[in-house]
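A.B. asks: sequence isn't available, so here's the structure alone:
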């Protein structure tokens with residue numbers, strides 16, 4: 001895929017908006033399988049796959065690695081995960 005993107009001179013896929021879309025786009029850009037992408041970060045492939053599906057990045061050290069890979073602020077990523085956690089655990093009384 002990296003060779004195709006280089007030949008085209010652009011990425012024809014829609015601009016990634018969500019974190020999971022950004023992970024998929026980065027993996028596609030690098031030509032990595034999920035296993036290879038996980039290996040780059042030193043995480044289990046199932047973790048990377050879950051993140052691509054929109055699941056929480058639970059561990060702060062994993063968030064720091066993802067933030068660095070995607071050129072994001074680690075603080076912003078931590079805040080996003082905190083918001084997701086709070087929304088998903090909000091209990092109706």
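C.D. replies: Yep, it's here. The structure displayed is predicted, hence computed values, not measured ones.
A.B. asks: pLDDT weak spots in this structure?
C.D. replies: 91-93 (pLDDT under 70).
A.B. asks: any chance you could map the helices in it?
C.D. replies: When assigned using DSSP state H, the helices of the chain occupy the ranges 2-8, 19-30, 34-41, 45-52, 60-69, 74-88.
A.B. asks: the fifth one: which residues count as buried?
C.D. replies: When you say that, I think you mean helix 60-69. Across helix 60-69, burial judged by 16 or more other C-beta atoms under 10 Å covers 62, 63, 65, 66, 67, 69. The C-beta positions use only the backbone N, C-alpha and C, and glycine is treated the same way.
A.B. asks: hmm, who's touching it?
C.D. replies: With C-beta atoms under 8 Å, 6 or more residues apart in numbering as the contact definition, helix 60-69 has outside contacts at 19, 23, 26, 40-43, 47, 51, 57, 72-74, 76-78, 81.
A.B. asks: list only those of those flagged as buried.
C.D. replies: Here the buried ones among the contacts of helix 60-69, as counted with 16+ other C-beta under 10 Å, turn out to be 19, 23, 26, 41, 43, 47, 51, 57, 77, 81.
A.B. asks: among those, list the two that are farthest apart in space.
C.D. replies: Using C-beta to C-beta, the buried ones among the contacts of helix 60-69 span at most 17.8 Å, a distance reached by 26 and 81.
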